[in-house]
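K.L.:
What follows is a predicted protein model with its sequence.
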Amino acid sequence: MKRFSHPLVITALCSITLGGCASKDTLPKSAKNQFITEFYASVNAVQPVKFDSDMEQNVAAGAVIGAANSIGKDRDPFAAAIVSGGLFGLLTAIWEGNRTGYEYSLHAVDGDDVLVIVEERNAEVGDCVQVRVAGDVFIRPAAPDQCVPLEE
């Protein structure tokens, strides 16, 4: 009987398994020793935004590396540039993932108007949300009674 000994496959399976255990509600390390602000606000508008990408630079770098690596070998530099650039582009797309974010226009209960950009769409126009600023910004749905304006 042949023993299974593919450390790369085992490592990948362990990484996927452990990655599934990570909580989305955990704070990033940058939130340590931070001043945290929380407030409630009503959502006035939600606009999708696109985050920038490093795709063009990485495809160009991959093409240069592929072409340079083929010099002095029995390979076509043009074909090597295309293949290497395509591989770098594919890896960049996988690494960057979804580049869509959302800009929320919020009206806080204290009367302030605030713009917040986050990666996930957690609320719709008219919803009441809790906004937490701790290094990063988090928006969570909240009970409508939390968004009653403060009396002066």
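P.N.:
Right, received. Where do you want to start?

K.L.:
Helices along this protein, start to end?
P.N.:
7-21, 55-70, 77-96 (DSSP state H).

K.L.:
got the contact list for stretch 126-135?
P.N.:
Identification of contacts with stretch 126-135 by Cβ atoms under 8 Å, 6 or more residues apart in numbering yields 27-28, 30-31, 34, 36-43, 104, 106, 108, 114, 116, 122-123, 137-147. From N, CA and C alone the C-beta is placed, and that goes for glycine too.

K.L.:
what do you get for stretch 98-115?
P.N.:
So stretch 98-115 is contacted by 39-53, 116-121, 123, 129, 131, 139, 146-150 (Cβ under 8 Å, 6+ apart).

K.L.:
Give me the longest strand you can find in the chain.
P.N.:
strand 37-50 (DSSP state E).

K.L.:
quick one: buried residues of it?
P.N.:
Residues Phe39, Tyr40, Ala41, Ser42, Val43, Val46 are the ones in strand 37-50 that count as buried (16 or more other Cβ atoms under 10 Å).

K.L.:
for stretch 135-147, same thing?
P.N.:
For stretch 135-147, the neighbour count (16+ other Cβ under 10 Å) marks Phe138, Ile139, Ala142, Cys147 as buried.

K.L.:
Filter these down to just the ones in strands.
P.N.:
Phe138, Ile139.

K.L.:
Let's have the buried residues of stretch 135-147 in TSV, adding distance to Glu96.
P.N.:
Converted to TSV, these look like this (distance: Cβ to Cβ, whole Å):
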residue	distance to Glu96
Phe138	21
Ile139	22
Ala142	31
Cys147	35
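
K.L.:
mind checking how far Phe88 is from Cys128?
P.N.:
To Cys128, Phe88 is 44 Å away according to Cβ to Cβ, to the nearest Å.

K.L.:
who has more neighbours, these two?
P.N.:
Phe88 (22 against 18; other Cβ atoms under 10 Å).

K.L.:
Name all residues that make contact with that one.
P.N.:
Asn58, Val59, Ala61, Gly62, Ala63, Ile65.

K.L.:
Would you enumerate the residues in contact with the second one?
P.N.:
Put plainly, it is Val59. Gly85, Gly86, Phe88, Gly89, Thr92.
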